[in-house]
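Peer 1: return a 3D structure for these sequence lines:
(chains A, B and C, ligands or ions: 3)
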Amino acid sequence: MTDVAEEKVTVTVTIDGREIEARPGELVIAAAERHGVHIPRFCWHPRMPEVGMCRMCIVEIDSGRGPALQPSCMVPVSDGMSVDTQSDTTKKAQDGILEFLLINHPLDCPVCDKGGECPLQDQTLAFGPGETRMVEEKRHYEKPIPISDLVFLDRERCILCDRCTRFADEIAGDPLIHFIDRGNQTQVNTFPDEPFSSYYSGNTVQICPVGALTASSYRFKARPWDLEESESSCGTCSMGCRVAVQSSRNEVVRVLGVDTDPLGTRDGLAPVNEGWLCDKGRFNFESLNAEERLRVPLLRDPEDDEALVEASWVGAVAAAADAIRDAVDADGPGAVAVLGGARGTNESAYAWSKLARTVIGTDHVDAQMADGLPAELVLGLPRATIDDACNATTLLWIGGDPKEELAVLFLRLRAAVKRGSVRIIELSTHDTSLTPLAKLSIRYRPGELPQAVRAMLGEPGEMGGADMGDLERAAGMLGEGSLVVGVGRSSLAEAPELATESAAAIATAHPEATFLPLLRRGNVHGALAMGLAPGVLPGATSLDDGRAYWTEQWGDLPAEPGLDAGGILEAAASGRIRTLVLVGADPLGNCPDKDLARRALTGVGTIISIDTLPSESTLHADIVLPASAWGETPGTSTNIEGRVTSVSQQVTPPGTARADWMIAADLAMALGRDLGIASIEGLTAEIAELVPGHAGIADTDPTDGVLALRDLADGPARVAVPVPEASAAVPVDAYSFRLVVARKLYDDAVSTRYSAHLRPLAVGAALRLSPTDFERIGVEPGGQLQVTAEENTAVLGVVPDTTVPDGVAVLAANQPDLAGADLVELGARLTKIRVETL
Amino acid sequence: MSRLTAENVELAHEMIGRYPRKRSATIPLLHLAQEQDGYVTDEAIEHIAELVEATPAEVLGTCTFYEMFKRHEVGRYMINVCTNISCQLLGGEELLHHAEQTLGIRAGSTTPDGMFTLEDVECIAACTEAPCLQVNYRYEYRVGHGDFDRMIDDLRAGRLDDDVPPHGTLARIRQAPTENWAGREDTVPPVADNLS
Amino acid sequence: MTDIPKIVTSRWDLEDGHTLDRYVETGGYQAIRKAIATMSPDEVHEEVKTASLLGRGGAGFPAGIKWGFCPPGVTPRYLVVNGDESEPGTYKDRLLMERDPHQLLEGILLASYAVDCAQAFLYVRGEMALAQERLAQALNDAYAAGYVGKNVAGTDWSLDITLHWGAGAYIVGEETALIESLEGNRGMPRLKPPYFPAAKGLYMQPTIVNNVETLANLPWIVDHGGQAFADLGSEKSTGTRLFAVSGHVNRPGVYEVEFGVTTFRDLFEKPEYCGGIRDGNALKAFIPGGASAPWFFEEHLDLPLDNGVVGQSGSMLGSGAIVVMDETTDVVKAALRLVRFFARESCGKCTPCREGTTWLEKILERIVRGGGRASDLELLVDVSDNISPGSPQLQWPPRQTTICPLGQSATSPLMSAILRFRPEFEAYIERARAAA
Ligand SMILES: Cc1cc2nc3c(=O)[nH]c(=O)nc-3n(C[C@H](O)[C@H](O)[C@H](O)COP(=O)(O)O)c2cc1C
Ligand code: SF4
Ligand code: FES
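Peer 2: Ligands and ions are numbered 1, 2, ... in the order given. From the prediction side, this is the model:
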C-alpha cells in the first residue's frame, strides 16, 4: 500500500525518456502505471503491502548515483529520478527472472483454469525463452489439494509470489495459509487439518497470478476466451460491492471483484470494495443455475390442495388479479398486503410501491421482515458514507458483527484501524470480529443497550451491565472530533426499539454525528428509498408530508399509514388480511418469529409468491410467479451508504421468468390500470425525475455511482427520526439466560441453500454458552439441551464459548437445522430462555 | 506426549515475559517443545500458537524454516558431520562416508535402534578444527575415522551421558528468572501486536 | 608483534576466563562503571567514533556512524547482538561467547548506554550449545551481581538483556532476517529503503544490530580511549582483528592480529601464526573473507589485511574467515560445495536466489557426476550473470537482482574458479564426453 502524502506537491521523474509528474511516496511501478508504462510484475498488488519477492519488476533506476537494477515495486519516486524500463540491462535481468520462474513451472497450461488469462503465460509468450535450458527434473508436489471447501491449491504451479498468503494475513486477518519449509522447497500450505476457512478465501483465487489457486465452483467450467462479461454490483448484501459478472453459454460461471480505482489516486468517493469480495457474494451465483429455479407460473391445483400445477402467465396473472380484487371488494384495500422487494432493483421496488399505493390502494407494504430497523430511523438519520466511517475520529458501533453481516465492510474497517485512520468503540453483548480492532469494547446485558448508551451519554440511571469506567472513557472519546455511528439489529431476539431508542438518544446528544444503518439484505436501502415501508413514500418522506407531491405524480394514495411486516403477519394470521403478496420474500426463513410467520401463511386467504427459487414460504403459495434474479435483469441498486450503482443483465432468465417490475405492470393491467411503465430505461428515468434525491441516477457512472437522498431540499419533508421515551431496564434473574440470536454469513437463505459449494458452510444451530455456565449445567460436550422460552420449547446442541459472557446464550440465526428460532416472540423486548438437560 | 506439560507452560510464560511481544518467543518455545518430545509435534505447534497468539499455520511456517526443528522422531543422538569447505578440504566428506559405513545408514536417516540420526551439515563454526562434527550440538574436533568409531561405542555404552544429553535438550543452563529484572515500561513498541 | 595488545582475546588462555570472578579480577565491568559514572552517552558514542571501529560481522561498516543513524526522539530503541556466526570458514564469535562471555555482556551494556537502548537481545546461533550455556550462566551471574538489569552497577540506569537462540538458518545472520527471526517469523530479509534497522528495525522501531566481535571491543575502547584503539592498525582498518585461518595450513587457528597491517603472507607463513602451507605444498587459491568472497591467489599474498585494500583488489575480508587451498585441491568440487551451501541456505524469498542457486548446484552436480555437457560452462556463467549481473567478470562491489547478497554470494566462488581454472571444469566435461 503506497502511503501517498497528503499535500498535493508532485515530484518529477523521467521514465523511458519521458518526464512525468508523480506523487511523493508513490512507488515507481505505480507512477509508471498511471502514465501508461506497464512494468511486468507478479507479487506486487496495489492493494497490498509490497514484498519485492518475485523481482520481475526490476528496472534500471538512477537516483543520482548512476543507474542500478532495482525492484520498481519497492522504490518510491524521488525528484529527478530517471527510470529505464527498456534498457538492455533491464530486459536481460527481466528475461532472467522469467526463466527462473519457469524452470520449475509445469507446462500444463492447456489443462489449467488460468490458461488464457495468466500473467505468467502472457509474459512468457511475449518475452519468454523459447525452450527450457534446464535438463534436470522439475519440483514435484501432489497435484491440486483442497485447502478449503471452496479453493484448491496446485503447489507445482505456484511461483511463491506471497499474494495469497499476504492477503490472508494483511487484508483478511486470517493467516491460515502460510509459507512452509525453506528455499527451493518453500511451499504454500495450511496447517494439517486446519483448512483455509476464511470468509474471503475466493480473493486469493482472483489475485493468484498463475493457476495455483482455483475455485471449486469454476474448475474446468469455461475458458477465458468464451467468457462474456459485464460490470455490476453484488446483490448479496447491502454493501453493493462492484463486480464483474462472467457467463458462458448464457450461464453465469464466475463473479470477480472489481477495483474501480486500483491505484487509489482518484478524488471523491473511494471504491466500495477495493476489488475484494466475500465468498458468499463471489460464489452464490451458483443458485442462479440451480435445478430448482422457478421457471413457469404455478397455480394451486383445484383437485389436490397439496399440489401446484403449471399455468400460463396470462392465467396466473389473472388469478392473482382476481385474488387481489376479491380481497379489496370484500374488506377494502387494507385486506391486501405486499411483503418484500429488498432483493430486487430500485426499479422493481418503485414499481411495486406505486402498484400497492395507487392501483391496489394499500399502505400495508414492507421490504423488511421484522428483522431490521424502523424505516423512519433508517431514512431519517443523517447518513454517513463508508469512507466517513473509515476516517472518522471515532466510529461507535451498536450493531451486529460486521464480518458476519457485511463481510466486506469488515475488511474496510480493519484496514482503516490498521492505517490508524479511525478508532472504534464497540457496544456488544459478546465478542465480535470488531473486538480485537476496537479501542474500547464494552459489554452490556442483552436487552439493555439503551441503558448502556444513555449512561454513556451521561444520563443518570441504569448502565445495562456495562462498566462505568469504560462508559466514561467512551464518553470522553465521543466528545473529540468527528463521530460516525453504526447502528443495526445485533440480535433478532431483541426488539428493534432498543436500537431505535439508542440511536435517537445519540443523535440528540451529538447532532453532528452521522449514521450507517446496518441493514443487510441486498437492496433493502433502495427498497426503503422507493417507499416500500408503511407510512413512507419514495424519497424518504412520510405518507402525510409527501401526500400532496405524490398525489400529483401518482394519483390517490391510501388514507392511513399501513402495518409493518410484524403487523401484516398478525393481521394475516387473524384473517384481517385476505391476500398476501410476497415479492422475493420468505417470512418463514427471515421473520425472527417463525411461529407468527407460520400462523400467517396458514391463516391468510391467498398467497401470491413472486420468487426465483422455492422457499418454505413459496410452498404455502396459491399463485407462484417466477421472477428473474440478479444478473438476469438490469437496473440500479442502492447500498448501505446510499450509493446508487448500476446492476447489469448478463444472462436471460430461465423459462419464462420475468422481472419483478414487469410483473407489477402486468398485474396493474389485469387490475384495469396502467402503471405507465413500458421499459427499464423509462422506469429509471421516472425515478430520477420524480423521486427526490435521485436526480442523475439515470446517467449514473456505473463504476462510482451517485449518492442518493443526500439533497432533499426541494422535495417534501424528510421523515422524522422517532424519539421513544427512555425504557426501563430488564430485571435481572438468575434462572434464565438472555438469548442473543445473531446472524452468520452462511445461513439457510435460498441463495446459500441452493449454492452447492456454500450450502455445507452454514454452521448450524447450537447454543453457545460461557464455559462457566456450560460447566454449571453439566452437559457433556456435543450434548443437547431442552430450551424453553415462554410456551415455546426446542431441543438444541450446546457448546462452550469463551467469547460469551455468563448468563447469555448465543444462537446463530436462520440455520438449516434451526428449530430454535421458534423461541423468539415478536414485540417482546428480549427473549429469555430456560434450559434443562435431557 | 504432545502439548506442553504444566511445568513447561510455566517456563513458556517466563520466556514470553522477556520479550515486548509474545510472538518473539516462538523459536524458544519450539526448542522447548523439541526438548520435551524429541521433535516438534502438531499438538505442540497448536499449543505454542495459543501461547503466542498466532495461528498454527504461522507457527508451522516458522518451525519449518529452521533446520534444527524436526517434525518427526529422530535418533537419541543427532550426529551432524560438517562437509562444508574447510572440512571438505580436510576429509569431511570421507568422514561422512565412513560414518555411513559404521552406522550402516545414509546421511539423513536413523539407525533402526533409534540411537543415531546422521546428517550432512553446513559449516558449524569450528573450521580450524576440521574435520569436525557435532553430537546433539556438542563438538568433536579433528575427527579421525578411529575416533569416530570410538565415539559411537562410548555413546552406545552411555559413557558420554554426562556431556551429551538426549536430542532436543540444547543448553542445560537457561536464563533464569531474577528479581533484578528491570522490566522497563519503555521497551514496549507503540503499535499493537494484533495489527502489526 | 609482542607490543600489540590482546584486545578481545586476553582471557582465552585462562581456564576460568568465562567466570564472573575471573572477569572482575581481570578488570571486568570497570568500563561500564566508568562510562555511567563519568561519561554521558554521547561521550561514549564519541569514543567509539574516534576509535573508528569497523563492524566485524561482514559488512565492515563503522559502528560509531551506524549508531548515529537512529532517528532522534523515536523510542523505544533496541540493540540486537548478532551471534549467528554461520558464514563458512568463520570461527571467532563462538570462541568469544564461550571463553569470555562477560566481555560481550559488558560490550552490550556500553553500546546500549551510548545509544540509549531500552532493551538488548542477544541472538546466539542455535547449534552452539556450549556458547548458550556459558552465556546463560554469565547472564544469570551478572544479573545476580547487579551488573545487568535493575540499576546497573548500582547506578540509576537499567537494562535488561534477553538471551535468544536461533534454530539453524544461515540467512538469519543477515540483519533484517535476524530481526524477522527475533520477531518469531521465518528468517527472510526485509530490506526496504528506508527501513534499514537503525530507522525501522525490531517491531519497526530504531534498532542497532552489531556483531559479537564488534561489541567485544567496546570495554577496551572505553578503558583505554578511542584514540589508543585508532593508533593500532592502518588508517581506516583500526585496532586488532580476529582471523580464522582454516584449510591447508600447518597450524590452522584463530589469531588476533593488528588490523590493516599484517599481510596474508605473514598470517600463512609466520611461525607464530599458521607456519606455512601443509606438507610444503604450493598455494592454489585462498578465500580471504568467507564463502561469499571472491577467491585470491598467490599474487595477493602480500596485501595487508585491510578492508579498503582488499576491497579495491576485488574481494573482501568479510567475516575474517580465511580458507587456504593448496595445489591438491579439486576446485570444481570446492566450488560445487560452496554453491550447494548457498542453494541450501537460500531463504526462498527472491526468485533469482531461490531458483538460480539451486539450478547452479544441479548443473555442477551433474558435471561432477560425469554428466557434463559442452554448453554447461556457458550456462553456469549466464545463470550467474542473471543472479548477479557482472558476476562473470567478478565485478566488485557486486550487483544483485535480489534483496540480500546471498544469491550473489553463490556466484563469487563459482566464477572465481571458472575464470582461473576453466580447464579443470572442461576436463570433467571432456571425461564425460569420452565415457559416452
Ligand atoms: C547472508 C548474510 C549473512 C550474514 N551473516 C552474519 C553473521 O553470521 N554474523 C554477523 O555478525 N553478521 C552477519 N552478516 C552481516 C549482518 O547483516 C550485519 O551487517 C552485521 O551483523 C552488523 O554488525 P556489525 O556492523 O557489527 O558487523 C550477514 C550478512 C549477510 C548478507
Ligand atoms: S499460490 Fe499463487 S498467489 Fe499464492 S504464492 Fe503461489 S503463486 Fe502466489
Ligand atoms: S567448514 Fe566445517 S566447521 Fe567450518
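Peer 1: now tell me what touches stretch A:212-226 from outside.
Peer 2: The set of residues external to stretch A:212-226 that reach it, using Cβ atoms under 8 Å, 6 or more residues apart in numbering or on different chains, is A:113-117, A:144, A:146, A:149-155, A:157-159, A:164, A:188, A:202, A:204-205, A:246, A:248-249, A:253-254, A:283, A:286, A:756-757. To be clear about C-beta, it is placed using only N, CA and C from the backbone, and glycine gets the same treatment.
Peer 1: spatially nearest residue to residue C:304, not counting backbone neighbours?
Peer 2: residue C:263 (5.2 Å; Cβ to Cβ, 6 or more residues apart in numbering or on different chains).
Peer 1: my guess is the one you found contacts residue C:296. True?
Peer 2: No - using Cβ atoms under 8 Å, residue C:263 is not in contact with residue C:296, being 11.7 Å away.
Peer 1: between the two ends of stretch A:738-747, how far is it?
Peer 2: The first residue of stretch A:738-747 is 22 Å away from its last residue (Cα to Cα, to the nearest Å).
Peer 1: quick one: contacts for the spatially most central residue of chain A?
Peer 2: Compute the mean C-alpha point of chain A, and by Cα atoms, centre = their mean the closest residue is residue A:237, 2.8 Å away. The contact partners of residue A:237, taken as Cβ under 8 Å, 6+ apart, are A:278, A:280, A:281, A:405, A:406, A:407, A:520, A:521, A:522.
Peer 1: what does residue B:179 give?
Peer 2: Residue B:179 makes contact with no residue, according to Cβ under 8 Å, 6+ apart.
Peer 1: low-confidence ranges in chain B?
Peer 2: Along chain B, segments meeting pLDDT under 70 span B:1, B:193-196.
Peer 1: nearest to ligand 2: which residue in it?
Peer 2: Closest to ligand 2 within chain B is residue B:61: 12.6 Å, counting by Cβ to the nearest ligand atom.
Peer 1: how many other residues sit next to that residue?
Peer 2: A total of 26 residues lie near residue B:61 under the criterion other Cβ atoms under 10 Å in any protein chain shown.
Peer 1: before we move on, which element is the nearest residue to it once chain neighbours are set aside in?
Peer 2: Leaving aside its sequence neighbours, residue B:61 sits nearest to residue A:178 (Cβ to Cβ, 6+ apart; 3.9 Å). Assigning secondary structure by DSSP states H and E places residue A:178 in strand A:177-180.
Peer 1: just the buried members of the contacts of residue A:237?
Peer 2: Buried by 16 or more other Cβ atoms under 10 Å in any protein chain shown: A:278, A:280, A:281, A:405, A:406, A:407, A:520, A:521, A:522, out of these.
Peer 1: can you list which of the contacts of residue A:237 are found in helices?
Peer 2: Taking DSSP state H, the ones among those that sit in helices are A:280, A:281, A:405, A:407.
Peer 1: gap between the second one and ligand 2?
Peer 2: Separation of residue A:281 from ligand 2 (Cβ to the nearest ligand atom, to the nearest Å): 21 Å.
Peer 1: could you tell me which residues of chain C lie near chain A?
Peer 2: Listed as neighbours of chain A in chain C under the rule Cβ under 8 Å from any Cβ of the partner chain: C:169, C:186, C:192-193, C:343-352, C:354-359, C:362-363, C:366, C:373, C:379, C:383, C:385-387, C:389, C:399-403.
Peer 1: which stretches of chain B form helices?
Peer 2: So, for chain B - with DSSP H - the helices run B:6-16, B:26-37, B:42-52, B:56-63, B:85-89, B:92-103, B:145-157.
Peer 1: if we can go back for a sec, in helices only, show me the contacts of stretch A:212-226.
Peer 2: Under the assignment DSSP H, those contribute A:164, A:202, A:204, A:205, A:283 to helices.
Peer 1: okay, the residues you listed in a markdown table with neighbour count and distance to residue C:55 next?
Peer 2: A markdown table is the format used below for these (neighbours: other Cβ atoms under 10 Å in any protein chain shown; distance: Cβ to Cβ, whole Å):
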| residue | neighbour count | distance to residue C:55 |
| --- | --- | --- |
| A:164 | 26 | 38 |
| A:202 | 29 | 48 |
| A:204 | 28 | 41 |
| A:205 | 26 | 46 |
| A:283 | 28 | 54 |
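Peer 1: now, among those, which is nearest to residue C:419?
Peer 2: Nearest to residue C:419 among the ones in helices among the contacts of stretch A:212-226, counting by Cβ to Cβ, is residue A:164 at 42.1 Å.
Peer 1: so what's that closest one closest to, chain neighbours aside?
Peer 2: residue A:204 (3.7 Å).
Peer 1: I figured that neighbour hits residue A:167, correct?
Peer 2: Yes - with contact defined as Cβ under 8 Å, residue A:204 reaches residue A:167; the gap is 5.5 Å.
Peer 1: neighbours around the nearest residue to residue A:579 once chain neighbours are set aside, how many?
Peer 2: Using Cβ to Cβ, 6+ apart and skipping the chain neighbours, the partner closest in space to residue A:579 is residue A:327 (4.0 Å). Neighbourhood size, residue A:327 [other Cβ under 10 Å]: 24.
Peer 1: spatially central residue for chain B, please.
Peer 2: Centroid-nearest residue in chain B, with Cα atoms, centre = their mean: residue B:68, separated by 4.6 Å.
Peer 1: for that residue, give me its contacts.
Peer 2: B:31, B:34, C:126, C:127, C:167, C:168 are the contacts of residue B:68 under Cβ under 8 Å, 6+ apart.
Peer 1: from residue B:36, how far off is the residue nearest to it when sequence neighbours are not counted?
Peer 2: In this structure, residue B:68 finds its nearest non-sequential neighbour in residue C:168, 3.9 Å apart by Cβ to Cβ, 6+ apart. The gap separating residue C:168 from residue B:36 is 19 Å, by Cβ to Cβ, to the nearest Å.
Peer 1: likewise for residue A:353?
Peer 2: 69 Å.
Peer 1: kindly report the same for residue A:107.
Peer 2: Distance from residue A:107 to residue B:36, by Cβ to Cβ: 46 Å.
Peer 1: so those two - more neighbours on which side?
Peer 2: A direct count of neighbours by other Cβ under 10 Å for residue A:107 and residue B:36 places residue B:36 higher, at 21 against 9.
Peer 1: how about the helix or strand harbouring residue A:95, does it reach chain C?
Peer 2: Per DSSP H and E, residue A:95 falls inside helix A:88-103. Yes - interface with chain C: helix A:88-103 contributes A:89, A:92, A:93, A:95, A:96, A:97, A:99, A:100, A:101, A:103 (Cβ under 8 Å from any Cβ).
Peer 1: which one of those sits in the busiest neighbourhood?
Peer 2: That'd be residue A:100 among those, by other Cβ under 10 Å, with 28 neighbours.
Peer 1: so who does that residue touch?
Peer 2: By Cβ under 8 Å, 6+ apart, the contact list for residue A:100 reads C:351, C:352, C:354, C:355, C:356, C:359, C:386.
Peer 1: need the nearest residue in space to it, chain neighbours excluded.
Peer 2: residue C:355 (3.8 Å).
Peer 1: am I right that the one you found is in contact with residue A:184?
Peer 2: Yes - using Cβ under 8 Å, residue C:355 makes contact with residue A:184 at a distance of 7.1 Å.
Peer 1: so these two - more neighbours on which side?
Peer 2: Neighbour tally, residue C:355 and residue A:184, criterion other Cβ under 10 Å: the higher count belongs to residue C:355, 32 against 21.
Peer 1: how much space separates that one from residue A:56?
Peer 2: Per Cβ to Cβ, residue C:355 is found 12 Å from residue A:56.
Peer 1: what is in contact with the two at once?
Peer 2: Common contact partners of residue C:355 and residue A:56 (Cβ under 8 Å, 6+ apart): residue A:101.
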